[in-house]
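Student: Sharing a model that was predicted from the sequence below.
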Amino acid sequence: MMKIGVAEIAPLTFRALTLPFAGIGLLGIALAQRQSIRVPRALWRPLGWLSLFNIAGWNGFVMFGVQHLPAGRSAILGYTMPLWATLCAVIVAGERLTVRRVVGLALGMAGMLVLIGDEMHLLGGALFGVAMILIAALSWGLGTALLRRWPMPMSPVALTGWMIVLGWIPMALLAPVFDPTPLPTELARLSWRGWSALAYNILPGGLLANWAWFTLARSLPVSLSSLLSLPIPVAGVFAGMAFLGERPGPSEWVALVFVVTALFVVMFHRGAAPQPAR
């Protein structure tokens, strides 16, 4: 759906149109559930950093990447995020770098190198797209690790809503710089597919998915919550085939196997039990 959207509207404009509705919607849900949306003064700074990495960094860079790459390839690269989250957890949270994690990171890097090597013969767009999505995945991984390091005494719904609203601000400010076309003109030329992409990224892709992800990221260990992202690159490849007519080549399938295997090796722990949500 991102690929469909950026085919008709500039990347940052697309995100600037979708994120505020998702964020305000989540804050409205929190109020409807009689949850406080007040942010204590001491939490504004960590909330700002979490918003920068989890929302602005991820959403901003990934939109430019998707614009230049097939959806399936974008999904494989983007959902190397759990590998980056694992590495960031070692650096910023002091988690132990086990043999299992080293093997998983090596497999994940191998998968990325397969795709990057496939693009090296091209100059410009494709390689630029790879770089944008890897930066986005690294930003999201760092944000996920920080979310576990910095306990935020707020409800998951309110926390997610505020992160989205704050993360939207830099994209709204930068969108006119990268897209000087007036917004009414952008909206007037959208097809039904473009409007569908906007609606999807506001409701299921924005409001519901962000709430679900950050609820899991707060209440479960990084390794366990990230394990739940295993099916996403697979779904991205097959969705690209079904809805966009993409035909992945051997490099995509090889990279997909490497990345999914890497995630499984890093995240799966036999007998591991989830920590209770706070």
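Tutor: Right, received. Where do you want to start?
Student: what comes up buried for stretch 249-256?
Tutor: For stretch 249-256, a neighbour-count test (16 or more other CB atoms under 10 Å) marks Ser251, Glu252, Val254, Ala255, Leu256 as buried. (Glycine included, C-beta is placed from N, CA and C.)
Student: Remind me what the strand or helix carrying the first one packs against, helices and strands.
Tutor: In this case it means Ser251. According to DSSP states H and E, Ser251 maps onto helix 250-267. Helix 250-267 is packed against helix 71-78, helix 81-92, helix 99-119, helix 222-227, helix 231-244, with contacts defined by 3 or more CB pairs under 8 Å, 6 or more residues apart in numbering; DSSP states H and E.
Student: With Glu8 as the reference, name the closest of these.
Tutor: Comparing these by their distance to Glu8 (CB to CB), the top pick is helix 231-244, with 13.5 Å.
Student: sorry, back to before: the inter-axis angle of the helix holding Ser251 versus helix 71-78?
Tutor: Here helix 250-267 runs at an angle of 30 degrees relative to helix 71-78 (axes from the mean of the first three to the mean of the last three CA atoms, to 10 degrees).
Student: what's the angle from helix 250-267 to helix 99-119?
Tutor: Going by the same axes, to 10 degrees, helix 250-267 makes 160 degrees with helix 99-119.
Student: Now find how far off-centre helix 250-267 is within its chain.
Tutor: Put simply, helix 250-267 sits 18 Å off its chain's centre (CA atoms, centre = their mean, to the nearest Å).
Student: Let me see the mean pLDDT of that helix.
Tutor: Averaged over helix 250-267, pLDDT sits at 80.
Student: CA atoms only: put it into CSV for me.
Tutor: Extracted in CSV, the C-alpha atoms of helix 250-267 (Å, rounded to 0.1, in the frame of the first residue of the first chain):
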residue,chain,number,x,y,z
PRO,A,250,16.5,-15.5,-7.3
SER,A,251,18.2,-12.8,-5.2
GLU,A,252,15.0,-11.8,-3.5
TRP,A,253,14.2,-15.4,-2.6
VAL,A,254,17.7,-16.1,-1.4
ALA,A,255,17.7,-12.9,0.7
LEU,A,256,14.3,-13.7,2.1
VAL,A,257,15.5,-17.1,3.3
PHE,A,258,18.6,-15.6,4.9
VAL,A,259,16.6,-12.8,6.6
VAL,A,260,13.8,-15.0,7.9
THR,A,261,16.3,-17.7,9.1
ALA,A,262,18.3,-14.9,10.8
LEU,A,263,15.3,-13.6,12.6
PHE,A,264,14.3,-17.1,13.8
VAL,A,265,17.8,-17.8,15.0
VAL,A,266,18.1,-14.6,16.9
MET,A,267,14.6,-14.5,18.4
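Student: what packs against the top helix by length along the chain?
Tutor: Ranked by residue count, the top helix of the chain under DSSP state H comes out as helix 125-149. Judged by 3+ CB pairs under 8 Å, 6+ apart, the packing partners of helix 125-149 are helix 44-51, helix 58-68, helix 71-78, helix 81-92, helix 99-119, helix 209-219, helix 222-227.
Student: between the longest one and helix 125-149, how big is the angle?
Tutor: Going back to what we said before, that points to helix 99-119. Counting by the same axes, to 10 degrees, helix 99-119 lies at 160 degrees to helix 125-149.
Student: how about low-confidence regions in the stretch 151-278 of the chain?
Tutor: 217-230, 266-278 (pLDDT under 70).
Student: go with 80
Tutor: 210, 213-232, 262-278 (pLDDT under 80).
Student: Which residue is the nearest non-sequential neighbour of the residue sitting nearest the centre point of the chain?
Tutor: Closest to where the C-alpha atoms of the chain average out (CA atoms, centre = their mean) is Trp58, at 5.2 Å. In this structure, Trp58 finds its nearest non-sequential neighbour in Trp140, 4.1 Å apart by CB to CB, 6 or more residues apart in numbering.
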